[in-house]
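Student: quick one: sequence and predicted model below, then my questions.
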Amino acid sequence: MNAAQPRRTFLTTVAAAAAATAVLPWSGCKPSEGGSGAAGGGAPGTEPIQVGEFCSLTGTEATFGVSSHEGTALAIEEINQAGGVLGRKLQLLHEDNRSTAGESVTIVKKFINRDKVVAVLGEVASGRSLEAGPVCQAAGIPMISPSSTNPKVTEVGDCVFRVCFTDPFQGRLIAEFARKSLKLSRVAVFSDVSSAYGDGLRQYFSDAFTATGGQIVVQQKYSSKDKDFKAQLTAIKAANPEGICVPGYYNEVGLIVKQARELGITVPMFGGDGWEAPELIQIAGGEALKNTYYSTHFSPIQDTPEAKKFVAAYKARYNGKTPDAMAALGYDSVLVLADAIRRAASAEPAKIKAALVTTDLVAASGRTRMDAQRNAPKAAVIITVEDGKFKFLQTVEP
Ligand code: PHE
């Protein structure tokens, strides 16, 4: 696509949001005008502070992008309604990468070069955060991923931050849950090798599971967009595992769980945050999802005042919809950014970056602090499915 032709860049200002309350936040808005010479963050005064968000609003992982964006937009609106940051409004530019490889680089370059954003927010999927990180790093623009968990995302450099835990922790907690709570010793691993996330989590889970005396009796692979998993599942069934770990995203996971049950595989199946989407239940069906478990970042029944306030505001803003982990982390990515701008007393990217390092903020998903690698160690939650509904099981501290 031509970098000069924005496909979907929209402004989220109080006025635009107020005008669009009845519709989805990215529909019916005006394309961004942000031409050359747009006031970036460096300019003091009263100009809006430009923030760019790249997200998967359509395509295979659309629910990730939609949820995350809804949380992000809500936080921007709330901050602006309360007067903005340093007396200036936050102006959110956001653009859809259609869940497609390559698009995020184009979008983020445009945000930086044309719109003069002071920071970039995104993405949910690690693979797409890994694409955009080097662009932000080269330009010295801080990037905050709300929910990418692959460790390599922040290894790109000192401009890349995240407000969530990483997959070495997630792999370990899934392994521990499988060993201790499910009491499994011999498991199968069936992983998405086409995503940085799936392949990484496979490794971290396998290392942790075998380190505690467990055994991986069979390993099978699939790729994103595959639809028929019966050959691999038949091989898994033949090895007679006590459980199956499936590190992947909800579309394929939903089909895998469904097809496994059709083949008569009844053992527990489990995975990580990539499972999280209402579509999982639609694709697999509630019956097939009995005896399945996944870890994630947030549960809407979390009992902190910040979580309750966020859940209520999100429901009010989005027609009663219950927020998921992506929404909570999208929301928190904005709060962390605004907090850094306030503490820096400046919207200059270098100063924001320096302030982000010392983040310590309690928000919707819990307390966010940055470790030395710019990751945010946080508790995880484990979810199961009962009667066709997600059910909170337990919290796991970092
Ligand atoms: N952690 C996943 C990744 O890195 C993305 C994700 C986050 C999915 C939160 C669901 C919920 O790719």
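Tutor: Alright, I've got the coordinates.

Student: look up how far Asp273 lies from the closest residue to Arg369 other than its chain neighbours.
Tutor: Leaving aside its chain neighbours, Arg369 sits nearest to Asp360 (4.9 Å; criterion: Cβ to Cβ, 6 or more residues apart in numbering). C-beta: built from backbone N, CA, C; applies to glycine. Between Asp360 and Asp273 the computed distance is 23 Å (Cβ to Cβ, to the nearest Å).

Student: who's more crowded, these two?
Tutor: Higher neighbour count among Asp360 and Asp273: Asp273, with 30 against 11, using other Cβ atoms under 10 Å.

Student: so what's the residue count around Ser223?
Tutor: With other Cβ under 10 Å as criterion, Ser223 counts 12.

Student: the residue lying closest to it once chain neighbours are set aside - how many residues pack around it?
Tutor: Leaving aside its sequence neighbours, Ser223 sits nearest to Ser194 (Cβ to Cβ, 6+ apart; 4.1 Å). Other residues lying near Ser194 total 19 when counted by other Cβ under 10 Å.

Student: what's the helix or strand for Ser194?
Tutor: Using DSSP states H and E, Ser194 is not contained in any helix or strand.

Student: and the helices in the stretch 51-200 of the chain?
Tutor: 62-81, 103-113, 126-139, 152-155, 167-176, 196-211 (DSSP state H, counting those that start in this stretch).

Student: and those helices: which comes nearest Ser145?
Tutor: Closest approach to Ser145 among the helices of the stretch 51-200 of the chain (Cβ to Cβ): helix 126-139, 4.5 Å.

Student: so which elements touch that closest one?
Tutor: Secondary-structure packing of helix 126-139 (3 or more Cβ pairs under 8 Å, 6 or more residues apart in numbering; DSSP states H and E): helix 103-113, strand 143-145, helix 152-155, strand 160-162, helix 196-211.

Student: just the ones you listed: most buried one?
Tutor: Sort the helices and strands packed on helix 126-139 by mean neighbour count, taking mean count of other Cβ atoms under 10 Å, and strand 143-145 sits at the top with a mean of 30.

Student: who in the protein is up against the ligand?
Tutor: Counting by Cβ under 6 Å from any ligand atom, the chain comes close to the ligand at 64, 124-126, 147-150, 197, 273-274, 276, 296-297, 325-326.

Student: kindly recompute the last result at 8 Å.
Tutor: 61, 64, 124-127, 129, 146-150, 153, 164, 167, 170, 195-197, 249-250, 272-277, 296-297, 324-326, 329 (Cβ under 8 Å from any ligand atom).

Student: helices and strands of the chain: which one bottoms out on pLDDT?
Tutor: helix 14-19 (a mean of 37; mean pLDDT, DSSP states H and E).

Student: which ones are touching the closest residue to Ser333 other than its chain neighbours?
Tutor: Ranked by Cβ to Cβ, 6+ apart and with sequence neighbours excluded, the top spatial neighbour of Ser333 is Pro146, at 4.1 Å. Neighbouring residues of Pro146 by Cβ atoms under 8 Å, 6 or more residues apart in numbering: 68, 71-72, 121-124, 162-164, 326, 329-330, 332-333.
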